[in-house]
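1. let me see the structure of the following:
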Amino acid sequence: MKVNGACRSWAWCVSSPIGVSATDEGRVETRRSAGLLIAALLSVPLGVVALHGLAQDPDFVERWYSDRVFVAVRSAQLSVSRLFPCSLSEILVGLVVAWFVARSVRCLRLFCARKVSVREIIFGALHRALVGGAGLWVAFLLLWGFQHARRPYAFHSGLEPRPISTQDLRALSFYLVGECNRWRRQFDLDDCALLPGEGGVDARILDAYEKLGRRVPALRGGQPLLRRAILSPLLSHLGITGIYSPFTGEAHVNPEVSPWIQPFAACHELAHQKGFAREDEANFIAWQVCRLSEDPALCYSASFVAMSHALSVLGQDFPAAAEELFLLLDAAVLADLEENRRFWASKDSALVGLAQSVNDTYLKTAGSPAGARSYGRMLVLMVAERERGVGY
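-> Presented below is the predicted three-dimensional model:
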């Protein structure tokens with residue numbers, strides 16, 4: 001339907017209010033739609049500028065956002081999320097999908113009745129997508145995203161990271177191969193199962209986070225909340241082991257992935273829940289937590305993931321050195337690597353590549369120039385920790 005020559009978004013047929021002509025109503029709606037669209041288009045670059053601007057003053061972000069705004073927001077989010085027996089974020093996703101289906105059906109009916117054109121449907125859908133996406137982007141920044149601009153975790157933990165040499169990487173990889181072999185001999189795979197305790201978090205992880213909080217005050221406080229993702233098949237096809245929802249404050253672990261991966265994934269997502277948004281830092285925190293647990297299954301989980309990262313990075317430039325270390329792995333560890341490879345191979349799809357590209361773009365936008373490669377920077381922090389002699 002067109003009013004005064006203007007296309008009404010998605011052409012919902014509503015009657016004009018008493019005293020307001022159809023022409024006036026059309027003009028008001030057109031101006032409102034245009035205003036929302038302009039605001040949506042401006043919010044993305046302005047948000048990026050704000051994020052990068054705040055990154056120039058991490059002390060300000062730490063003092064006012066991390067220690068105050070985020071703490072209050074997280075407390076409110078988790079108070080609401082705890083009222084639901086399952087993931088609130090997944091419930092919201094379901095509602096959005098249902099809303100989209102209902103809107104699509106209504107558009108189809110209007111089109112079949114010749115009350116709306118294809119052009120109006122397309123432009124209306126694009127308008128709503130842009131406005132909705134911009135709203136999510138702004139909410140993301142306000143609720144959690146500005147944590148990307150806080151002080152680095154190295155500051156909080158007293159570490160002094162430096163660029164690592166090939167020799168550093170080889171030494172770390174050799175150490176991790178030995179750790180994988182050592183811990184794998186000390187537990188059964190059933191021990192990797194996460195047993196829901198307070199807030200759905202395994203007691204071993206809770207205790208280890210409490211220990212680390214004594215060393216790193218920034219990790220203290222807050223009641224954790226961990227969910228087993230209901231949408232795990234989708235996460236698996238996207239290549240995701242866990243995910244944090246900044247809109248509800250919930251951390252999720254993918255229960256489909258290998259059991260020895262799940263403890264590390266849970267600790268990683270809980271690190272995001274505690275306010276550390278950078279992926280390399282969340283990885284390193286997960287490493288520290290699993291190690292402090294002194295539980296063989298959790299220690300193996302951390303060693304396995306770190307070893308996989310280290311050998312992958314080493315193999316990019318020195319494949320012979322990586323192969324040499326690979327041959328030192330016990331048969332049980334090799335079997336775990338093969339099973340993990342088969343699992344992801346069975347889920348391989350175009351969605352994985354798309355998800356990786358989106359994640360890479362997100363990380364670069366959020367202030368990590370290395371993009372997805374920033375995950376490997378956990379190794380830099382591990383070398384710094386090793387040099388300080390903590391946890392080794």
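
2. tell me which helix or strand comes right after the lengthiest helix in the chain.
-> Of all segments of type helix in the chain, defined using DSSP state H, the longest is helix 22-54. Sequence order places helix 58-60 as the next helix or strand after helix 22-54, per DSSP states H and E.

3. which ones are touching Glu256?
-> Counting by CB atoms under 8 Å, 6 or more residues apart in numbering, Glu256 touches 232-233, 235-236, 343. The C-beta positions use only the backbone N, C-alpha and C, and glycine is treated the same way.

4. helices - which of those residues land there?
-> 232-233, 235-236, 343.

5. would you list the buried entries among these?
-> Buried by 16 or more other CB atoms under 10 Å: 232, 235-236, out of the ones in helices among the contacts of Glu256.

6. distance check, Glu210 against Arg220.
-> Glu210 is 8 Å from Arg220, where distance means CB to CB, to the nearest Å.

7. out of the ones in helices among the contacts of Glu256, flag the one nearest to Phe187.
-> Ranked by distance to Phe187 (CB to CB), these are led by Phe343 at 19.9 Å.

8. name all residues that make contact with that closest one.
-> 236, 256-258.

9. tell me the one among these nearest to Leu189.
-> Closest to Leu189, out of all of the contacts of Phe343 and judged by CB to CB, is Ser258, at 9.0 Å.

10. isn't that closest one right up against Arg341?
-> No. Ser258 lies out of contact with Arg341 (CB atoms under 8 Å); the separation is 10.0 Å.

11. so for the helix or strand hosting Gly133, mean pLDDT?
-> Per DSSP H and E: Gly133 is located in helix 118-143. For helix 118-143, mean pLDDT is 92.

12. and what of stretch 216-230?
-> 95.

13. endpoints of it, how far apart?
-> 33 Å (CA to CA, to the nearest Å).

14. buried set for that stretch?
-> Result for stretch 216-230 [16+ other CB under 10 Å]: buried residues 216, 218-219, 222, 224-230.

15. surely Arg291 meets Tyr300?
-> No. Using CB under 8 Å, Arg291 is not in contact with Tyr300, being 10.5 Å away.

16. against Arg386, how distant is the spatially closest residue to Glu90 that is not a sequence neighbour?
-> With sequence-adjacent residues excluded and distances taken as CB to CB, 6 or more residues apart in numbering, Glu90 is closest to Ile230, at 5.1 Å. Distance, Ile230 to Arg386, using CB to CB: 39 Å.

17. all strands of the stretch 151-300 of the chain, in order?
-> 226-228, 242-245, 250-253 (DSSP state E, counting those that start in this stretch).

18. tell me the most buried of those strands?
-> strand 250-253 (a mean of 28; mean count of other CB atoms under 10 Å).

19. other SSEs contacting that strand?
-> helix 70-81, helix 88-112, strand 226-228, strand 242-245, helix 262-273 (3 or more CB pairs under 8 Å, 6 or more residues apart in numbering; DSSP states H and E).

20. what angle separates the helix holding Gly133 from helix 22-54?
-> For helix 118-143 against helix 22-54, the angle by axes from the mean of the first three to the mean of the last three CA atoms, to 10 degrees is 40 degrees.
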